[in-house]
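Colleague: Here is my input, please return the structure:
(2 chains)
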Amino acid sequence: MDKTLHHKHIEERENVVILFAGDSGDGIQLTGSQFTDTNALFGNDVSTFPNFPAEIRAPQGTLAGVSGFQLHFGSVEIFTPGDQSDVLVAMNAAALKANLSKLKKGGIIIANSDGFDPKNLRLAGYPEGAEPLHDGTLANYTVHAIDVTKMTRNALADVQLGMKEKDRCKNMFVLGFINWMYSRSLDNSEAFLQRKFSKQPDILEANRRALQAGFNYGDTSETFTTRFEVKPAPMPKGTYRSITGNQGIALGLVAAAQRAGLDLFYGSYPITPASDILHELSRHKNFGVKTFQAEDEIAAICSAIGASYGGALGVTASSGPGIALKGEALGLAVMLEIPLVVINIQRGGPSTGLPTKTEQADLWQAVFGRNGEAPVPVIAASTPIDCFEMVFEAAQIALECMTPVMLLSDGYIANGAEPWRFPQAKDLGAIKPPFVPPVIASSDEGGEKRSLFHMTEPFLPYVRDERGVRPWALPGQAGMQHRIGGLEKEDRTGNVSYDPVNHEKMVRLRADKVARIADRFKPIRLDSGPDRGDLLIVGWGSTYGAIRTAALRLQEEGHAVAHVHLRHLFPFNKGLRDLLKRYDRVLVPEMNSGQLRQLLRAEFLVDARGLNKVQGMPFTSEEVHAAAMEMLRTPTPAEA
Amino acid sequence: MSTTNGTVAPEKVDFSSDQEVRWCPGCGDYSILKQVETLLELSGRKKEEIVFISGIGCSSRFPYYLDTYGIHGIHGRAPAIVSGLRSVRPDLSVWMITGDGDALSIGGNHIIHLLRRNVDVNILLFNNEIYGLTKGQYSPTSPEGAVTRSTPMGSIDHPFNPLALFKGADATFIARAMDRDPKQLREVLARADAHRGASMVEIYQNCNVFNDGAFEIFTDKATKPMHTLFVEHGKPLTFANGTKGICISSEMKPRIIDIGPDFSPNDCWVHDERDNFKASILVRLFDDPRKENAFPRPFGVFYVNDRVTHEEKLNAQVARARELKGDGDLDKLLSGERTWTIG
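Modeller: Numbering: from 1, shown residues only, chains lettered A, B, ... in the order given. The predicted model follows:
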């Protein structure tokens, strides 16, 4: 490759943000994820943010139909998909218009000039006569207008395919060009095409030619005198793969079921952005995974409860509206005291809201959203990798403490990807449910169980161990027949009871059991910063990258600012009370109107302030930085 | 239901739990409970291999009264709980207890999907044409005009024909019985138990407090012969002590005939419980019995089909996946297909 490059100048970059944008049918997500893959394989740290419309094929050429994929890659550690992009790839006028504000001043625009004809300009809402690529309005940027459509068609002139099929290869031309621009070999992309189209030789050939044409165009065209290089990042030694949050959840569930020696049952109803978990799990039946696409959200959770009753790890996932439908059954699981993992991939709400946009506004729903006093442990994942770890912990708590557990993720990390130095199976924790021996389980591993509960005559399904946890006897176990249900039950026996004093006792026993789950948590740990100081930034969930980036910068600038990221939202980590006291000010950035802030204020009487954004878009680190600086300038609550 | 067990059951197993049965005195539920207990005793099945799942309503208290495993679930959702349980435990004998409100109103969506999937479970639908536990509102099976606490001027809702609904959902076992005919009830339950797949048994059950006598015309000695038709596989459809029968015209229309000089039982429609199309007609014999020349209401096993069950297909896929890919290797799963190494 090098021999063809002698006349081009190469500039080194520490990190680069590229935003690919086009019609939702332009193959933008594929182009973006392919280039991500190539960079990750090369050794860069990467973070991505796919951002697409709710409609499958929104009207072509309109702002509503713009699909975006933002990639941040670097020779340094990367925590977010980037605040603003260095490069904007715009396949049409609407893609440019919708995303220009996200491009740095002086940034590079690579525009498909065919997508800027009068019709596209009109659809994008440009005024009559506007010619953004030529009329000087983009003077602050470097614009490369390429007729991608024409060049792709030319490259495929002697390929026997219809024009429509040929035009579908446009994204490969762009991918080839970007590969050239960032000095990447085409090997990975070619291997990908080979895998994807191995059974369609014509399509494979067309895509390869378009890919190569794009690369060659950069190489030979006189227009481009500069290409860039991003060296590998100093990542910890090890073997990596790429993982999205939803993949992390699927793999974490399989891993947890394996470690517990149980079958995994996943009941689910399709909903954006949770469906990918169902897709992924349905491919792993050889692990004893049983997926059940239920008739609705209620059936999804109820089937998972039935599976748990039978001795499997029962799991259901959805997004806010679906979680709302599951509320009553979640209460049943609380009452039954049965293991269950419920996952909420949050999206913009209320109601149908913003299905493909991200938000953290279901925290109160998770903590409070049931009738009666129905405490459910709530934990949250902060990155795609963390999704794996947190779902494993959710399953561990559910199975070992006989309780439903709610895991919160959101659309931002569900679809975002990062490199993962994956663990070995043997390094994953053990999971030991409180089975009553002898036991029936789906694998040999299930035989090794704690003998916390010895058989009593008659068997008492609601007797508790020192943690307040009841035993798990499975249908098929002789002498332990028992009936459980949603009616209030008598302590120990589980028989139906309307006794007023017993009811209060049971409410307390269930609450105590959940409160004592905090005893399991590791001591709270700062993500960065001094262990006392002027400001503590408290985050949870997918705001992690933006807050971390901002906190590191604040610390570099000499401010006594620390960052703690909460994984456990109900109950809280026991060390949090003391930690909050060690800082003069507390800032809580959230993609909602202040739900964690209010929980913290209620629980700890702390004067926490909020940075709140409810736009369906993640924070930029700049926003967090600015809010922290603003707060540092104001008197402390004590002074005021 | 298909579960059998090879071992010899103890002589006399008492399936009653230690809980006091709390239905109203005189409720039809007692008779059904008794027949189920008797059937279980005769089945030789072990208590621990049996699970009863119910929803909400008077009938849904049923699981508490049996010394088996059981879940008293939430309103309408028993079919979903059953589907999850069966998916992971094909070894058990699973029974579902539901009512006309539980199965056909709040749980209507779940019941049709359980039937089309053919989950292996014995479903006992206690139909009393009224909401009992909430004290007397009309149900989705109450006849038009029914005066209840929520319909003082009479119900304006057209009721479900439950068996036609189940036939439409491609149920693989459809039967009707009644609380006041224990022998026939037990026979139907035994058939349901023997069927592999979703066995749907609608049981007419008298609510003596809120809807007393709703089915009296079918149970009273005086009216029963004219208004009931007990179907039996391979036998002609006759009723009224053999004096009347039902034949099918060339336009596939059922018609009542008098057995005597003009027609013999040989002219009658012969019941074939494996006949899909005839079953669709049979479930439509659903006239208001007070109407003149009403068809008698059929009881017995209407339809049986041996379609493979949901859990058999699910487990076959799991087995097939293991055959093709080998038993899951967690390390391989975690590493995925494409990795790279640093350092």
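
Colleague: Return the nearest residue of the stretch 151-300 of chain B with respect to chain A.
Modeller: B:Ala169 (11.3 Å; Cβ to the nearest Cβ). Where you see a C-beta, it was placed from the backbone N, CA and C, and this is true even at glycine.

Colleague: Helix, strand, or coil at the residue nearest to the spatial centre of chain A?
Modeller: By Cα atoms, centre = their mean, chain A has its centre lying nearest to A:Ile413, at 2.0 Å. Following DSSP: H, G, I helix; E, B strand; the rest coil, we place A:Ile413 in the helix state.

Colleague: any idea how far A:Lys8 is from B:Pro236?
Modeller: Here the criterion is Cβ to Cβ, to the nearest Å. By it, B:Pro236 lies 93 Å from A:Lys8.

Colleague: what's the next secondary structure element after whichever strand or helix holds B:Phe299?
Modeller: Taking DSSP states H and E as the definition, B:Phe299 sits inside strand B:297-304. Counting by DSSP H and E, the next helix or strand C-terminal to strand B:297-304 is helix B:310-325.

Colleague: Residue 82: neighbour count?
Modeller: If you meant another chain, say so; for now it's chain A. Neighbours of A:Gly82 under the rule other Cβ atoms under 10 Å in any protein chain shown: 27.

Colleague: Let me rephrase: I mean chain B.
Modeller: So B:Val82, with other Cβ under 10 Å, has 28 neighbours.

Colleague: Taking their axis directions, the helix or strand hosting it and helix B:310-325 sit at what angle?
Modeller: Using DSSP H and E, the element containing B:Val82 is helix B:78-88. Interaxial angle, helix B:78-88 versus helix B:310-325 (axes from the mean of the first three to the mean of the last three Cα atoms, to 10 degrees): 30 degrees.

Colleague: quick one on the thing from earlier: higher neighbour count, B:Pro236 and A:Lys8?
Modeller: Comparing B:Pro236 with A:Lys8 by other Cβ under 10 Å, the one with more neighbours is B:Pro236, at 19 against 15.

Colleague: Now the more buried one: closest residue in space that isn't a chain neighbour?
Modeller: Closest residue in space to B:Pro236, ignoring its immediate chain neighbours: B:Cys268 at 3.6 Å, by Cβ to Cβ, 6 or more residues apart in numbering or on different chains.

Colleague: cool, and A:Lys574?
Modeller: Using Cβ to Cβ, 6+ apart, the closest residue to A:Lys574 is A:Ala518 (5.2 Å).

Colleague: Let's verify that neighbour: helix, strand, or coil?
Modeller: Under three-state DSSP, the three-state class of A:Ala518 is helix.

Colleague: how many other residues sit next to it?
Modeller: 16.

Colleague: I figured it was touching A:Asn573, is that so?
Modeller: Yes. Counting by Cβ atoms under 8 Å, A:Ala518 touches A:Asn573, with 6.6 Å between them.

Colleague: OK, contacts around A:Phe370?
Modeller: Small correction: residue A:370 is Arg, not Phe. For A:Arg370, the contact set (Cβ atoms under 8 Å, 6 or more residues apart in numbering or on different chains) comprises A:Gly327, A:Glu328, A:Leu330, A:Gly331, A:Val334, A:Val376.

Colleague: check those residues against chain B, which are close?
Modeller: Checking the contacts of A:Arg370 against chain B by Cβ under 8 Å from any Cβ of the partner chain, the ones in range are A:Glu328.

Colleague: how about a markdown table for the contacts of A:Arg370, with secondary structure and pLDDT added?
Modeller: Below are the contacts of A:Arg370 laid out as a markdown table (DSSP: H, G, I helix; E, B strand; the rest coil; pLDDT from 0 to 100):
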| residue | secondary structure | pLDDT |
| --- | --- | --- |
| A:Gly327 | helix | 98 |
| A:Glu328 | helix | 98 |
| A:Leu330 | helix | 98 |
| A:Gly331 | helix | 98 |
| A:Val334 | helix | 98 |
| A:Val376 | coil | 98 |
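
Colleague: out of the contacts of A:Arg370, who's nearest chain B?
Modeller: Set against chain B, the nearest of the contacts of A:Arg370 by Cβ to the nearest Cβ is A:Glu328 (5.6 Å).

Colleague: which non-adjacent residue is nearest that closest one?
Modeller: Nearest-residue entry for A:Glu328: B:Ile74, 5.6 Å, with adjacent residues in sequence omitted and distances by Cβ to Cβ, 6+ apart.

Colleague: Distance of that neighbour relative to A:Gly327?
Modeller: According to Cβ to Cβ, B:Ile74 stands 11 Å off from A:Gly327.

Colleague: Check A:Gly261 too.
Modeller: Note on A:Gly261: its distance to A:Gly327, by Cβ to Cβ, is 31 Å.

Colleague: my guess is the residue nearest to B:Pro236 meets B:Lys244, correct?
Modeller: No. Counting by Cβ under 8 Å, B:Cys268 stays clear of B:Lys244, with 9.2 Å between them.
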